[in-house]
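Q: Sequence and predicted structure, then a few things I'm wondering about:
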Amino acid sequence: MRLVASSNSAPASVNRYLLPHEQDVVTIRRHPAILIGPVGAVLGALILAGILSNTQIADTAAAVAIIWWLWLLVLVWFVWKVAEWSVDYFVITSARLLLTTGLITRQVNMMPLGKVTDMRFERTLLGRFLGYGTFVMESAGQDQALSKIDFIPYPEQLYLEVVGLIFKE
């Protein structure tokens, strides 16, 4: 029984890492709540730029320009973070768990399902409110590239999906 519907439309950036015998079970983006910090930073910088523009610090046009150019840099950083989020995927296959990240420098973290000895998910109060959680996985006392995944949407359903794959009947 499927708890989470497979998208069956995994992007090519993810499909290139799947082995020929693997079946894509779930491919999902991390929760948009990962962008709360960058949104707060860009709004805080906007408020700060607005306040500084109306003080004696901004008595010349050059000072006002510098203030707003600095805010524009924060905005560009925010757009970069959104673009990175848009290409980050958590993938559950029939054989592995994968986390693909990075816009320019691609990083693929993987853990074979057979190596997972302990798995749990955690949810903070904000995570419960917004609908995300954290997966924590252990593998026979070994350090793994994929041991903690933050901002996973639908953590209960995905947890049951992974456990169902690990402990097949």
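A: Yep, it's here. Numbering: from 1, shown residues only.
Q: What's the mean pLDDT across whichever helix in the chain runs longest?
A: When the chain is parsed with DSSP state H, its longest helix is helix 61-87. The pLDDT scores in helix 61-87 average 95.
Q: and if you look at stretch 113-123?
A: Mean predicted confidence for stretch 113-123 is 88.
Q: Report the secondary structure element holding Thr27.
A: strand 24-29 (DSSP states H and E).
Q: I'd say Ser86 and Arg29 touch.
A: Yes: Ser86 is in contact with Arg29 according to CB atoms under 8 Å; the separation is 7.4 Å. No exception for glycine: its C-beta is placed from N, CA and C like everyone else's.
Q: In terms of neighbours, single out the busier of those two.
A: Each of Ser86 and Arg29 has its neighbours counted (other CB atoms under 10 Å); Arg29 has more, 17 against 12.
Q: Show me where this structure has its strands.
A: 24-29, 89-93, 96-101, 107-112, 118-122, 132-138, 148-153 (DSSP state E).
Q: can you list these in a markdown table and add distance to Ala65?
A: A markdown table is the format used below for those (distance: least, CB to CB, whole Å):
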| stretch | distance to Ala65 |
| --- | --- |
| strand 24-29 | 37 |
| strand 89-93 | 40 |
| strand 96-101 | 36 |
| strand 107-112 | 37 |
| strand 118-122 | 46 |
| strand 132-138 | 39 |
| strand 148-153 | 37 |
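Q: Relative to Leu46, which of these is closest?
A: strand 148-153 (24.2 Å; CB to CB).
Q: how about that closest one: buried residues?
A: Ile149, Asp150, Phe151, Ile152, Pro153 (16 or more other CB atoms under 10 Å).
Q: Out of those, which comes closest to Trp80?
A: Phe151 (17.3 Å).
Q: For that closest one, give me its contacts.
A: The contact partners of Phe151, by CB atoms under 8 Å, 6 or more residues apart in numbering, come to Arg30, His31, Ala33, Ile34, Tyr132, Thr134.
Q: Thanks again, I'm all set now.
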